[in-house]
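> Task: produce atomic coordinates for the following.
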Amino acid sequence: MTSWSLAARELGRRPGRSLLTVLGVLLGVAALVATWVSAETARESARAMFGALGGRAALEVRAAGQRGVDPDLLKVLERVEGVEAATPLARGTAALRAGGTITPLKVLGVDPPRDAAIRDLDVVAGRAVGSAPGALLEASFARSLGIDVASPLDLYAQGGRRVLPVVGLLAPGGVSVFDGGAVAVMPLETACDLLGLGSRVTVLQITLAQGAAPERVAAALHQALPPGHEVQPPAAAGVLARDTMRSVEQGLSAVSVMSLVAGAFIVLNTFLMSTGERRRALALLRALGMQRRQVLGLLLREAVLLAGVGTALGIGAGLVAAMAMLGAWEQL
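Have a look, this model is predicted:
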């Protein structure tokens, strides 16, 4: 009989204790896997959402505080070496009243002639936005609210109430990946009026010429811009989302570590009890000629069997738990 067979046979003699040990390993591994998978997926989703809003822009210019940026600075930006194109963007949140409910809506105000260099808007019905007031909505989001092309949008924001027609519907993806498609794209002036920005915009987005180094162009933009303006990558907006999730991630990590420690104590206690009860049997094996390393190998094989089963089951349970946790992340 091999050492592995002896180890498996010994574990089978105490099924309750073996099951408790496997359960301890399973809980610890499942907690770690679920936390890691859900946290990493949430981070990637946040980066993807903010990246979709940023489009192909490599840099953004924003004013310190909430006072907005003067769009006339576009002329200054376009003279900086390494800048290929620059476009203004008004970004904010409005409330959409439809079907007797109030739905939060991300508002993007774009300058159509300039914005084509930054992002692609795939219109599947109706037409693209022009200079006249009107909005684009993601197709499935619009239809879930009973909205179609030419339907009126009843919007409320800092600038007051505005009723705009839906001029077109967007394909899923791109800017509409944010908030499950709850994004409205409209002309820049219309968005600034709705969001109460006046003559200013939220950011100026910049695409770079081929081969231009973002760090060098950012330094040149700092020198060309008046004081009180910041130059940063669009992905920096994702830092805010990461910070808001950090406390939740820390709580999940603490729970997973506690589960792992508790599982380790269960495993350690089980093996100490098992070794103590088998002292006579182990001494008999030694008396029959089994060497110390062979006895140690027998115990380690038992540990490997239990850890292998517990880890395999724990990974599967962790992935299932991560799927459930991601539903909560999506709502958050």
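
> Could you pull out the helices in the stretch 1-150 of the chain for me?
3-13, 15-54, 74-78, 112-115, 139-144 (DSSP state H, counting those that start in this stretch).

> Tell me which other helices or strands the last one touches.
This points to helix 139-144. When contacts are defined as 3 or more Cβ pairs under 8 Å, 6 or more residues apart in numbering; DSSP states H and E, helix 139-144 packs onto strand 160-170. The C-beta positions use only the backbone N, C-alpha and C, and glycine is treated the same way.

> what about 10 Å?
strand 83-98, strand 101-110, strand 123-126, strand 135-138, strand 160-170, strand 183-187 (3 or more Cβ pairs under 10 Å, 6 or more residues apart in numbering; DSSP states H and E).

> Residue 195: which of these is closest?
Using Cβ to Cβ as the measure, strand 83-98 is the one of those that comes nearest residue 195, at 4.0 Å.

> If you compare the directions of that closest one and strand 101-110, what angle comes out?
Taking axes from the mean of the first three to the mean of the last three Cα atoms, to 10 degrees, strand 83-98 and strand 101-110 form an angle of 160 degrees between their directions.

> among the helices and strands packed on helix 139-144, which is the most enclosed?
strand 135-138 (a mean of 28; mean count of other Cβ atoms under 10 Å).

> Tell me which of the helices and strands packed on helix 139-144 lies nearest to residue 319.
Of all the helices and strands packed on helix 139-144, strand 135-138 sits nearest to residue 319, with 29.7 Å by Cβ to Cβ.

> What pairs with the closest one, parallel or antiparallel?
Sheet pairing of strand 135-138 (DSSP bridges) gives strand 160-170 (parallel), strand 183-187 (antiparallel).

> Lowest-scoring secondary structure element of this structure by mean pLDDT?
When each helix and strand of the chain is scored by mean pLDDT, DSSP states H and E, helix 3-13 comes last, with a mean of 63.

> about what we covered before: dump the strands paired with strand 135-138 into a markdown table; add distance to residue 217 as well.
Shown next, in a markdown table, are the strands paired with strand 135-138 (distance: least, Cβ to Cβ, whole Å):
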| stretch | distance to residue 217 |
| --- | --- |
| strand 160-170 | 31 |
| strand 183-187 | 27 |
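
> Tabulate those in JSON lines, adding columns for mean pLDDT and distance to residue 201.
Converted to JSON lines, those look like this (pLDDT from 0 to 100; distance: least, Cβ to Cβ, whole Å):
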{"stretch": "strand 160-170", "mean pLDDT": "93", "distance to residue 201": "17"}
{"stretch": "strand 183-187", "mean pLDDT": "92", "distance to residue 201": "12"}
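
> Which one of the ones you listed lies nearest to residue 149?
Of all the strands paired with strand 135-138, strand 160-170 sits nearest to residue 149, with 5.6 Å by Cβ to Cβ.

> Centre of the chain to the closest one, how far?
29 Å (Cα atoms, centre = their mean, to the nearest Å).

> Could I have the CA atoms of that strand written out in CSV?
C-alpha atoms of strand 160-170 as CSV (Å, rounded to 0.1, in the frame of the first residue of the first chain):
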residue,chain,number,x,y,z
GLY,A,160,-33.7,74.2,-14.8
ARG,A,161,-36.2,72.3,-16.9
ARG,A,162,-35.7,71.7,-20.6
VAL,A,163,-37.8,69.6,-23.0
LEU,A,164,-35.7,68.3,-26.0
PRO,A,165,-36.6,66.0,-28.9
VAL,A,166,-34.8,62.7,-29.4
VAL,A,167,-33.1,63.1,-32.8
GLY,A,168,-31.5,59.7,-32.9
LEU,A,169,-30.6,56.4,-31.1
LEU,A,170,-27.2,55.1,-30.5
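
> mind checking which of the strands paired with strand 135-138 is nearest residue 128?
strand 160-170 (6.1 Å).

> that older thread, how about the helices and strands packed on helix 139-144 in a markdown table, adding distance to residue 73?
Listed next are those as a markdown table, based on distance: least, Cβ to Cβ, whole Å:
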| stretch | distance to residue 73 |
| --- | --- |
| strand 83-98 | 9 |
| strand 101-110 | 17 |
| strand 123-126 | 30 |
| strand 135-138 | 26 |
| strand 160-170 | 26 |
| strand 183-187 | 20 |
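
> Those strands: which one's closest to residue 67?
Among the helices and strands packed on helix 139-144, the nearest to residue 67 by Cβ to Cβ is strand 83-98 (13.5 Å).

> chain center to that closest one, what's the gap?
21 Å.

> quick revisit: ok, which of the strands paired with strand 135-138 comes nearest residue 301?
When those are compared for distance to residue 301 using Cβ to Cβ, the nearest one is strand 183-187, at 57.5 Å.
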